[in-house]
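Asker: got a sequence here, can you model it:
(one chain, ligands or ions: 3)
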Amino acid sequence: MSDFRQRALDYHALPTPGKIKVELSTAAENVDDLALAYSPGVAEPVKEIAADPNAAYKYTAKGNMVAVISNGTAILGLGNLGPLASKPVMEGKALLFKRFAGIDSIDIEVKHRTTEEFISTVANIADSFGGINLEDIKAPECFEIEQELIKRCKIPIFHDDQHGTAIVTAAGMLNALEIQGKDINEARIVCMGAGAAAVACMELLIKCGAQREKIYMLDRKGVIHTRRGDLTEHKMLFANNTDKRTIEDVMTGADVFLGVSGPDLLQPESLALMAPNPVVFACSNPDPEIKPELAHEVRDDLIMATGRSDYPNQVNNVLCFPFIFRGALDVRATEINDAMKVAAVNALRSVSKEPVPQSVLDASNIDNLSFGRDYIIPKPMDPRLCERIATAVAKAAINSGVAQIDEMPSHY
Ligand SMILES: NC(=O)C1=CN([C@@H]2O[C@H](COP(=O)(O)OP(=O)(O)OC[C@H]3O[C@@H](n4cnc5c(N)ncnc54)[C@H](OP(=O)(O)O)[C@@H]3O)[C@@H](O)[C@H]2O)C=CC1
Ligand SMILES: CC(=O)C(=O)O
Ligand SMILES: [Mg+2]
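Answerer: Ligands and ions are numbered 1, 2, ... in the order given. You can find the predicted model right below:
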């Protein structure tokens, strides 16, 4: 067994199994404490909440609690390995919520037969939480699940693999194109993958200026084009009226490659066909569409990003979901809308261009970091991210009319 694999297993097994636990936030030491915490005292907040559901935000942990919910159908790039196997990833998301944004989070892995069964399971427990982060649910079911839950629930529902990924990708992409001297309006974009992450990333890039007809999306069958008869509703949105059929056809002269598909799917020969000064985001986890070492061997004019922590330029939704939920929860937003997503993109972009705190350099074992080819996006451990992104998101929620608290919280 490799040293890294053993260390990863030990990290999860020790000192106690898993990565999260529940801790008490009030005293429970004596008879008086118990009389308040449990019977008879607990009856008082029960009656308050029965009379006014909003009182749950005052008397329970609801307002700072996010459920991370999966069915394990698209666990990272590992595929459909079932709900229980997704638990380490979901506990990991809960760890990140707490570590980076002080949000209490619990993972829930749902076994289900039909899509409706999953939707109703989540809808039936939603009131217990301040928000729901859907994770690693494959396309196309993820689109219906998210839309239906938004309709049925009064709290923010956010499919992280769609929107968290799209927000971080858009911020990193706009910065990378700026460094390469390219305009998003003109960019020829190849998107490998046509699932949850791919569709959301392309839709957000279009909102940021990309031209739909300059996007070439690929799934397992190749280029998605108008003469294919097997396309789902969401793939249809990216059907290009083109004669190009293969990865080589679309990579020739392309400015951007975004991989949100699977490991080692981009061959060096295809990378070599791209236009000068390309941007290559190989975001499949844990193994990217092309390894950075290999990509850099093929050409020296590219900006390269992956979803991993152990290479420069980590384009990963961890840079978004803790902070967008922090902002949403703090003003009790009823949803996470486009204005809040765009605010998160802009906040991420602007932090990237400012001097990097020493604590980030120390945590990264790096002497220097400044905006450029190897630093297009902040590092997840950057302490500025929470305040900057959450503030921007909370303001956008207020301005777009989805906040139930109209004043910015005093800790901002
Ligand atoms: N860095 C980050 O922050 C994130 C990275 N990701 C990564 O993106 C990938 C996809 O995740 P997600 O969108 O949630 O999963 P989905 O299951 O929703 O989508 C997977 C997509 O990849 C396509 N695909 C798989 N194999 C190939 C292949 N050999 N050639 C072309 N396309 C292929 C599938 O094609 P088809 O439609 O034909 O089945 C499908 O469209 C994963 O590797 C995941 O780790 C996801 C979210 C965040
Ligand atoms: C990062 C992430 O959410 C994924 O790869 O699925
Ligand atoms: Mg995911």
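
Asker: for the closest residue to residue 62 other than its chain neighbours, helix, strand, or coil?
Answerer: Among residues not flanking residue 62 along the chain, residue 56 sits closest, at 4.8 Å (CB to CB, 6 or more residues apart in numbering). No exception for glycine: its C-beta is placed from N, CA and C like everyone else's. Using DSSP: H, G, I helix; E, B strand; the rest coil, the structure places residue 56 in helix.

Asker: quickly note the distance from residue 56 to ligand 1.
Answerer: Distance of residue 56 to ligand 1, computed by CB to the nearest ligand atom, to the nearest Å: 32 Å.

Asker: what's the neighbour count on that residue?
Answerer: 17 (other CB atoms under 10 Å).

Asker: same check, this time on residue 121
Answerer: Neighbours of residue 121 (other CB under 10 Å): 16.

Asker: do the strand or helix carrying it and ligand 1 meet?
Answerer: Under DSSP states H and E, the secondary-structure element containing residue 121 is helix 115-125. No. Judged by CB under 6 Å from any ligand atom, helix 115-125 makes no contact with ligand 1; its nearest approach is 13.8 Å.

Asker: and the contacts of the helix or strand following that helix?
Answerer: Beyond helix 115-125 on the C-terminal side, the first helix or strand identified by DSSP H and E is strand 131-134. Residues outside strand 131-134 that contact it (CB atoms under 8 Å, 6 or more residues apart in numbering): 66-70, 93, 97, 105, 122, 126, 142, 145-146, 149, 153, 155-161, 321, 325, 328-329.

Asker: over to stretch 227-236?
Answerer: Outside stretch 227-236, the residues within contact range by CB under 8 Å, 6+ apart are 139-140, 143, 194, 199, 217, 219, 221, 224, 239.

Asker: can you pull the contacts of residue 57?
Answerer: Contacts for residue 57 were tallied using CB under 8 Å, 6+ apart; they are 63, 130, 332.

Asker: longest helix anywhere in this protein?
Answerer: Using DSSP state H, we find that the single longest helix of the chain is helix 160-179.

Asker: quick one: the strands in this structure, in order.
Answerer: Along the chain, the segments classed as strands by DSSP state E run 65-70, 104-109, 131-134, 157-159, 189-192, 215-219, 222-223, 256-259, 279-282, 303-306.

Asker: and residue 121, how far is that from residue 71?
Answerer: The gap separating residue 121 from residue 71 is 9 Å, by CB to CB, to the nearest Å.

Asker: overlap of the contact sets of the two?
Answerer: What both residue 121 and residue 71 touch, as defined by CB under 8 Å, 6+ apart, is the set 110, 112.

Asker: around ligand 1, which positions in this protein sit nearby?
Answerer: 74, 76-77, 138-139, 161, 165, 192-198, 218-220, 260-262, 265, 283-285, 307, 315-317.

Asker: of these, grab the buried ones for PyMOL.
Answerer: To isolate the buried ones among those in PyMOL, judged by 16 or more other CB atoms under 10 Å, type:
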select buried, resi 74+76+77+138+139+161+165+192+193+194+195+196+197+198+218+219+260+261+262+265+283+284+285+307+315+316+317
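
Asker: which ones among the residues of the chain next to ligand 1 also lie next to ligand 3?
Answerer: Near ligand 3, judged by CB under 5 Å from the ion, the entries from these are residue 161.

Asker: among the residues of the chain next to ligand 1, name the ones in helices.
Answerer: Going by DSSP H, the helices hold 161, 165, 196-198 from the residues of the chain next to ligand 1.

Asker: go ahead and confirm residue 393 touches residue 345.
Answerer: No. Using CB atoms under 8 Å, residue 393 is not in contact with residue 345, being 10.5 Å away.

Asker: the more surrounded of these two?
Answerer: Taking residue 393 and residue 345 together and counting by other CB under 10 Å, residue 393 has the greater number of neighbours (30 against 24).

Asker: tell me the domain boundaries of the chain?
Answerer: For the chain, automatic domain parsing gives the domain ranges 2-25+61-155, 161-412.

Asker: in space, what's closest to residue 341 - neighbours in sequence excluded?
Answerer: Spatial nearest neighbour of residue 341, excluding adjacent residues (CB to CB, 6+ apart): residue 167 at 5.5 Å.

Asker: got a pLDDT number for residue 412?
Answerer: Listed pLDDT for residue 412 reads 61.

Asker: torsion angles phi and psi at residue 103?
Answerer: Main-chain torsions, residue 103, degrees, to the nearest 10: phi -90, psi 130.

Asker: how close does it get to ligand 2?
Answerer: For residue 103 relative to ligand 2 (CB to the nearest ligand atom), the value is 17 Å.
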